[in-house]
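# Have a look at this fold, sequence not included:
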């Protein structure tokens with residue numbers, strides 16, 4: 001059977017992003033916290049929460065790492081859909097896959113310089129014969 005988790009950051013940070021508090025630069029905020037755009041989420045909700053990367057983090061990278069996911073197969077595909085907003089700052093947004101037998105993170109999606117100052121959406125399908133993190 002299919003199961004899915006929805007993560008909207010309304011009450012807290014999702015259970016599958018456990019390292020959130022360990023990564024400097026990320027904060028959970030909403031559009032009314034006086035920190036600049038965006039001023040609503042992708043649904044136009046002005047009080048909705050999202051994760052935001054601090055503008056002081058220009059020189060370095062900041063990762064969000066998921067919990068461990070189980071292997072995928074024909075019955076259990078993994079699809080991750082996420083909404084993202086890119087401000088005027090230059091930078092690259094990347095999604096990486098780390099399988100448990102590997103030390104390296106494989107880049108499976110990246111973007112730089114896309115439509116700025118608007119919400120975009122992307123869906124990634126992940127195939128892995130072993131446990132993995134994203």
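Good, I have the coordinates. Keep in mind that what you see is a predicted model, and the values were worked out from it rather than measured.

# mind listing what the helix or strand of the chain at the bottom of the mean pLDDT ranking pairs with, with the direction of each?
Least confident helix or strand, the chain: strand 26-30 with a mean of 84, by mean pLDDT, DSSP states H and E. Looking at strand 26-30 with DSSP bridges, its partner strands are strand 49-53 (antiparallel).

# What lies in contact with the very next helix or strand once past the partner strand?
Counting by DSSP states H and E, the next helix or strand C-terminal to strand 49-53 is strand 78-85. Residues outside strand 78-85 that contact it (CB atoms under 8 Å, 6 or more residues apart in numbering): 37-38, 41-42, 50, 69, 72, 93, 95, 117-128, 134. In short, each C-beta sits where N, CA and C put it, glycine included.

# and strand 78-85, what's its mean pLDDT?
Averaging pLDDT along strand 78-85 yields 90.

# tell me the domain ranges of the protein?
Annotated domains of the chain cover 7-62, 68-133 [the TED database].

# want to try CSV for those, with mean neighbour count as columns?
Converted to CSV, these look like this (neighbours: other CB atoms under 10 Å):
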stretch, mean neighbour count
domain 7-62, 13
domain 68-133, 13
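
# Now the weakest link among those domains, please, by mean pLDDT.
The stretch with the lowest mean pLDDT among the domains of the chain is domain 7-62, at a mean of 78.
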